[in-house]
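Colleague: have a look; sequence and predicted model below, questions after that.
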Amino acid sequence: MTAAALTSPAAAGGSPARTVTTIRTEAGGELLDRLPAEGALSWVRRGEGLVGWGEAARLEVSGPRALEEAAAWWADWTEGLDTDDELGIAGSGPVLFASIAFDPAAGTSVFVVPQVVLGRRDGVAWLTTVGDVDPRDVLLPAQDDDGPALRLRYADGALDPATWCAAVATAVQRIDAGELQKVVLARDLLVSADAPLDPRRLLRKLAARFPDCWTFAVDGLLGATPELLLRRSGRRLSARVLAGTAPRGAGAEDDRLAAALIGSAKDRAEHTLAVDSLVRALEPFCATLDAPAEPDLLTLANVRHLASDVTGTQRRTGARGRAGLLELVGAVHPTAAVGGTPTPDAVAVIAELEGMDRGRYAGPVGWMDARGDGEFGLALRCAELVGDDSARLFAGCGIVAGSDPAAELAETQSKFAAFQAALEG
Ligand SMILES: C=C(O[C@@H]1C=C(C(=O)O)C=C[C@H]1O)C(=O)O
């Protein structure tokens, strides 16, 4: 472990054998309604996925080997467990939630093993507990009271809109000068409320408005992301790559905007860079890998994206065949969907022009189990809760040749609107 690594006592070596119990449960209703206010963990889409709470173990880690250290820590934690798992499916048994820094070498990544996990897939629900607890005792009655509307005050984050537009213009100049092809520039927006922000209320509203997104929460970073960085299920790998965005409109205008997006050479080029970056990074690990020739449209309540679902099979043999999910995640991140092309140049331009610390925004977020199955999205359309009643929202967009700073600013506003609707609804 590096000096920056912090582990909870429950994770320290030499502790007595831990028990993990998974039972099938008939507990009905929404997963998100079962969460307590404190320590909410979530990865939910269309009512299925995982929610968790309590902390059986925790790792905070930073440094050039952060993901390797996290993988070793998880292997250590799960070794010698006394597991009683009725289901034996992806997400049953011990589960780890993770929120990885955009730059894991510099930022802090957080890994949490919940004390309780409630999962559902294909209509089958299960409950997992860590320690000497009867799973039947840990489910609280479902709670879906949203409370009164909040009064909100917004303030500029690191850069005001005009300064951010100037940064975009500088990035376009660098691209025109041939220094790089694409860079994703983001901005933050601060909000404070007149009452505590209840993560459950925010998660419920996000899930209701964005059924095609993964509603996530890990250590105070909450959002609904449309982008799946990597899913691993046995040897099967899949991802949903997004890049190229258009606003929504009313009636015929919406159809016109959709047709313009699918026909836009600029957005197509931006999208191709993102797909290529994932494919190039995954190829060495894969026996098969397929990316569609043409992107699809993904229509969300606030924006529309060009989307490509990529699928592959991990090699059966060799070191790369044995690579774990965190190693794969480390190899593909940051794709050009959140970094740029070429990656090192884009990351340097981000550090120079964005003027803010991304923290865990645009980093991988998700879960994995002891078999190494799991799902990681990119932490987009999200906010980091600050104290009881404040939050920092994030939104970014891909800048390529021909990007217009005012249009990119409008795109960040459409993307902020995802979380704002949850706050304001
Ligand atoms: C960076 C964000 O989104 C990314 C950038 C996109 C784009 O530039 O078109 C589209 C989807 C995401 O890959 C964000 O939402 O903050």
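Modeller: Arrived safely.
Colleague: pull out the buried positions in the helix or strand residue 319 falls within.
Modeller: Per DSSP states H and E: residue 319 is located in helix 318-321. Within helix 318-321, the residues that count as buried by 16 or more other Cβ atoms under 10 Å are residue 320. Glycine gets a C-beta too; all of them are placed from N, C-alpha and C.
Colleague: ok, residues contacting the helix or strand just after that helix?
Modeller: Note on helix 318-321: by DSSP H and E, the next helix or strand toward the C-terminus is helix 325-332. Helix 325-332 is touched from outside by 67-68, 70-71, 74, 98, 100, 104, 229-230, 232, 237, 239, 277-278, 281-282, 284-285, 314, 323, 364, 368, 372-374, 376, with contacts defined as Cβ atoms under 8 Å, 6 or more residues apart in numbering.
Colleague: one step back: now the helix holding residue 319, how far from the centre of its chain.
Modeller: Here helix 318-321 is found 26 Å from its chain centre; the criterion is Cα atoms, centre = their mean, to the nearest Å.
Colleague: repeat that for stretch 283-299.
Modeller: Relative to the centre of its chain, stretch 283-299 is centred 19 Å away, using Cα atoms, centre = their mean.
Colleague: do it and the ligand meet at all?
Modeller: No. On the criterion Cβ under 6 Å from any ligand atom, stretch 283-299 is out of touch with the ligand, staying 9.1 Å away.
Colleague: what's the answer for stretch 180-199, then?
Modeller: Yes. Applying Cβ under 6 Å from any ligand atom, one finds stretch 180-199 touching the ligand at 184, 186.
Colleague: can you show me the CA trace of that stretch as CSV?
Modeller: Output of stretch 180-199 as CSV, limited to C-alpha atoms (Å, rounded to 0.1, in the frame of the first residue of the first chain):
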residue,chain,number,x,y,z
LEU,A,180,-4.2,17.2,-30.7
GLN,A,181,-7.5,16.0,-32.2
LYS,A,182,-9.9,16.1,-29.4
VAL,A,183,-10.1,17.2,-25.7
VAL,A,184,-13.0,17.0,-23.3
LEU,A,185,-13.4,20.1,-21.3
ALA,A,186,-15.6,20.2,-18.2
ARG,A,187,-16.9,22.8,-15.8
ASP,A,188,-18.5,22.7,-12.3
LEU,A,189,-21.5,24.5,-10.8
LEU,A,190,-22.0,25.0,-7.1
VAL,A,191,-25.4,24.7,-5.5
SER,A,192,-26.6,25.2,-1.9
ALA,A,193,-30.1,24.4,-0.6
ASP,A,194,-32.1,25.7,2.3
ALA,A,195,-32.4,22.1,3.8
PRO,A,196,-30.2,19.0,3.8
LEU,A,197,-29.9,17.2,0.5
ASP,A,198,-31.2,13.7,0.9
PRO,A,199,-29.4,11.4,-1.4
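Colleague: which elements pack onto the helix holding residue 319?
Modeller: Applying 3 or more Cβ pairs under 8 Å, 6 or more residues apart in numbering; DSSP states H and E, we find helix 318-321 packed against no helix or strand.
Colleague: still on that earlier bit, which of the contacts of helix 325-332 count as buried?
Modeller: Using 16+ other Cβ under 10 Å as the burial test, the contacts of helix 325-332 include 67-68, 70-71, 74, 98, 100, 104, 229-230, 232, 237, 239, 277-278, 281-282, 285, 314, 323, 364, 368, 372-374, 376 as buried.
Colleague: filter those down to the ones in strands?
Modeller: Among these, the residues falling in strands (DSSP state E) are 98, 229-230, 232, 237, 239, 314, 364, 368, 374, 376.
Colleague: how about residues contacting the helix holding residue 319?
Modeller: 284-285, 314-315.
Colleague: so which of those is the closest to residue 207?
Modeller: Of all the contacts of helix 318-321, residue 314 has the smallest distance to residue 207: 30.5 Å, by Cβ to Cβ.
Colleague: in contact with the closest one, which residues?
Modeller: With contact set as Cβ under 8 Å, 6+ apart, residue 314 has these partners: 232, 235-237, 285-287, 320-321, 323, 328.
Colleague: for the residue lying closest to it once chain neighbours are set aside, give its distance to the ligand.
Modeller: Excluding the flanking residues, the one nearest residue 314 by Cβ to Cβ, 6 or more residues apart in numbering is residue 235, at 4.4 Å. Noted for residue 235: a distance of 26 Å to the ligand, by Cβ to the nearest ligand atom, to the nearest Å.
Colleague: surely residue 235 touches residue 311?
Modeller: No. Using Cβ atoms under 8 Å as the test, residue 235 is too far from residue 311 to be in contact (11.4 Å).
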